[in-house]
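Here is my input; please provide its structure:
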Amino acid sequence: GNEKKKKHSDRCTVMTIVPCSSECLPVMATLLLLLIRASTTYANFTSGIDGVVSLLDGHVLPVVGLGVALTEDATFNAVTYALSVGYRLIDTAAEESYGNEDQVGHAIRKFYDNDTDGSSVYVTTKLWDSDHGFWETLHAFDESFFALNLTAHPESNPARNGTIDLYLMHSPFGGHIVETWDAMLYLRSKNYVNSVGVSNFGIPHLRLLRDHGRPLPAGNQ
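Now for the predicted structure:
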């Protein structure tokens, strides 16, 4: 598979592993679990399959997750298998990029239907570049929200209330960064998302938000 190392802080490195195909996912998942179980504990991060890392806004993110950028038509099966072996973070993106939010949502709802432990799945999705702008962002979020349709059995577990855990601006290259960020902050203020962040941002893009007096992202993927 393809590996990309992401610097989370000066104390730890978070690695995202993207499977090369659905056939190799079981092998990769098993190897990853063995590596995680053998890992050490950092000050801002707990190891193991149930480990978490803190975001800037105080929410926590599972350290083990599945990214579905390359799973295409095999997304449902890939997510179903990942959840069955203990993954509790699924990372997807809007229709224009990954194009599989509906499959992710279907797999998570099926998992909830068969789960008796009250587990919750942490879901990340992303705003595509062509949807930048305040109103465009709100419209694009609606499409992602309804495609994922995460509202399975909220009465049995309040954490399963349909809220998206982390909504990211996929990149700064769509422009209108401040207006887009304002829309994402609005979504967070209305509790449609728990955390908002960015992806593929450089230091100048983060400084732009700071210089306009906006809160900084919870994270930069």
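
Provide the secondary structure category for residue 195.
strand (DSSP: H, G, I helix; E, B strand; the rest coil).

show me the contacts for it.
Shown in contact with residue 195 (Cβ atoms under 8 Å, 6 or more residues apart in numbering): 55, 57, 59, 165-167, 188, 218-219. Bear in mind the C-beta positions are built from the backbone N, C-alpha and C, glycine included.

Can you say which of the residues you listed are buried?
55, 57, 165-167, 188, 218-219 (16 or more other Cβ atoms under 10 Å).

Dump the residues you listed into CSV; add distance to residue 208 and secondary structure as well.
Below are those laid out as CSV (distance: Cβ to Cβ, whole Å; DSSP: H, G, I helix; E, B strand; the rest coil):
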residue, distance to residue 208, secondary structure
55, 20, coil
57, 19, coil
165, 25, strand
166, 21, strand
167, 19, strand
188, 19, helix
218, 17, coil
219, 17, coil
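
Need the residues you listed in CSV (columns: pLDDT and distance to residue 129).
Shown next, in CSV, are those (pLDDT from 0 to 100; distance: Cβ to Cβ, whole Å):
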residue, pLDDT, distance to residue 129
55, 92, 23
57, 93, 24
165, 94, 22
166, 96, 18
167, 96, 15
188, 95, 20
218, 94, 20
219, 92, 19
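
where in this structure is pLDDT low?
The model of the chain has pLDDT under 70 over residues 1-49, 116, 152-161.

can you pull out the helices in it?
25-37, 75-84, 101-114, 134-148, 177-189, 203-211 (DSSP state H).

Would you tell me which of these gets closest to residue 126?
For the helices of the chain, the distance to residue 126 is smallest for helix 134-148, at 8.4 Å, taking Cβ to Cβ.
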